[in-house]
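[1] give me a model of this one.
(2 chains)
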2 protein chains.
Amino acid sequence: MERVVRHFQEELEQLQARLLEMGGLAEERVRAAVQGLSTRDVDLIDQVLQGDEPVNELHVEIDSRCFKLLALHQPMATDLRAVVSAVKINTDLERVGDLAVNIAEAAKRYATHAPVKKLIDLPQMGDLAQAMLRDALDSFVRRDTTLAKQVLDEDDRLDELKTKIFRELLAYMLNDRATVEPSLDLILISRHLERIGDHATNIAEDVIFMVSALDVRHHAVNPQN
Amino acid sequence: MERVVRHFQEELEQLQARLLEMGGLAEERVRAAVQGLSTRDVDLIDQVLQGDEPVNELHVEIDSRCFKLLALHQPMATDLRAVVSAVKINTDLERVGDLAVNIAEAAKRYATHAPVKKLIDLPQMGDLAQAMLRDALDSFVRRDTTLAKQVLDEDDRLDELKTKIFRELLAYMLNDRATVEPSLDLILISRHLERIGDHATNIAEDVIFMVSALDVRHHAVNPQN
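    Numbers count the residues shown, from 1 in each chain, chains lettered A, B, ... in the order given. Below is the predicted model:
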């Protein structure tokens, strides 16, 4: 029995290492897409558009590892929650990889137009979304619910930035017809970044559930903060 | 042992019944949001904005049922895949409920402007997204991979409609400044409907995996079709 238990913990550690690897890849793709947007670097954008495969392969591999862990080891309590959380986090990370492609598609169209002023707060939104993703994954590895709750707070900041960007771009569009098309792409990109923040939030909620068996979804966590 | 097995099947059936109930609620919320948009019915839109609670409660309940099934019955093979699929489908349905709120938010803003022509193909997109969701859930209950594959095909049609709508609205925006704000909301709504189609697609892929243990994500299914 002890051997089986040790084997489970080893497998779980490997699973988490793969999830971190996938998180790193997904985050790097978001970073590249936003950098390609900022620097109008079409080669970099094309790399993002074509580089989906490694994330997708990890997605399939991690899911299969989770099934194997559930079927062979039939984990209980915290271990069970850790594996089911891994299934969910895997889904979130795969979507983040897809969103990097969506950002790159809009960035490629954007690069064909004259730029709209200084991209306003989009790069800042990109940095924040990446930081949230990193913090969410760190909170998963370290079982750190304080850090996970911080991610939930950061999501409000991301939403504020999104609303501010929308208002500013709308003003451009109303004042200058030539900015309509490029502004539309920037609005779509801000929505994609918002969704990356949502996935980081999902991961953070899963971490809180995994560690404390407390379902914080649809409830405020520490509303006094 | 036989009693435990029967008990598991009963619990699984109850779980699936709850998932269907949740799917029905989520679909109804999407229908109401699109109808509120079409008829400019702000009361109906407000009902969607305020009616998120039942879907969220089911989300938490279904997740907890899945954990109980995994922990108490330690299912194997098809049964294990059925429970893990339920975890994933539950997540997808909750997001569909959120997207109904997003559609309602945009519809409420839209109702404050003069309408843009005849809403072009948005109601059709709404119908298709709802049909996909219904088909995906039917395929889950009936373990029907043919129907599930049909959902994957329908998603291409939804993407075509989205692209067509985008082009038409862009033309309006470039020609008439007064259409910029309402057109933006319609574009955002078309993206929300596209995402509902994506969730239906996720569910269909989970069904194919559950029934055939075949991972069709990131691969074409029957590319000759």
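[2] which helices and strands does the strand or helix carrying A:Ala17 pack with?
    Under the assignment given by DSSP states H and E, the secondary-structure element containing A:Ala17 is helix A:2-39. Packed against helix A:2-39 by the contact rule (3 or more C-beta pairs under 8 Å, 6 or more residues apart in numbering or on different chains; DSSP states H and E) you find helix A:42-50, helix A:53-73, helix A:77-110, helix A:122-142, helix A:180-212. No exception for glycine: its C-beta is placed from N, CA and C like everyone else's.
[3] and those helices: which comes nearest chain B?
    Distances from chain B to each of these were compared using C-beta to the nearest C-beta; the shortest belongs to helix A:53-73, at 4.1 Å.
[4] touching chain B at all, that closest one?
    Yes - where contact is defined by C-beta under 8 Å from any C-beta of the partner chain, part of helix A:53-73 touches chain B, namely A:56-57, A:59-60, A:63-64, A:66-67, A:70-71.
[5] what does that helix rub up against?
    By C-beta atoms under 8 Å, 6 or more residues apart in numbering or on different chains, the residues outside helix A:53-73 that reach it are A:4, A:7-8, A:11-12, A:14-15, A:18-19, A:21-22, A:25-26, A:29, A:75, A:79-80, A:83-84, A:86-87, A:90-91, A:93-94, A:97, B:70, B:76-77, B:80-81, B:84, B:215, B:217-218.
[6] buried among the residues you listed? Make that a ChimeraX selection.
    One line in ChimeraX is enough to select the buried ones among the contacts of helix A:53-73; burial here means 16 or more other C-beta atoms under 10 Å in any protein chain shown:
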select /A:8,11,12,15,18,19,22,25,26,29,75,79,80,83,84,86,87,90,91,93,94,97 /B:70,80,81,84,217
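[7] want to throw the helices and strands packed on helix A:2-39 into TSV with mean pLDDT and distance to B:Tyr172?
    Supplementary listing: the helices and strands packed on helix A:2-39 in TSV, determined by pLDDT from 0 to 100; distance: least, C-beta to C-beta, whole Å:
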stretch	mean pLDDT	distance to B:Tyr172
helix A:42-50	97	28
helix A:53-73	94	37
helix A:77-110	95	18
helix A:122-142	95	25
helix A:180-212	95	10
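[8] tabulate these (CSV), appending distance to B:Val141.
    Converted to CSV, the helices and strands packed on helix A:2-39 look like this (distance: least, C-beta to C-beta, whole Å):
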stretch, distance to B:Val141
helix A:42-50, 37
helix A:53-73, 22
helix A:77-110, 21
helix A:122-142, 33
helix A:180-212, 26
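[9] tell me the most buried of the ones you listed?
    Among the helices and strands packed on helix A:2-39, ranked by average contacts under mean count of other C-beta atoms under 10 Å in any protein chain shown, first place goes to helix A:180-212 (a mean of 23).
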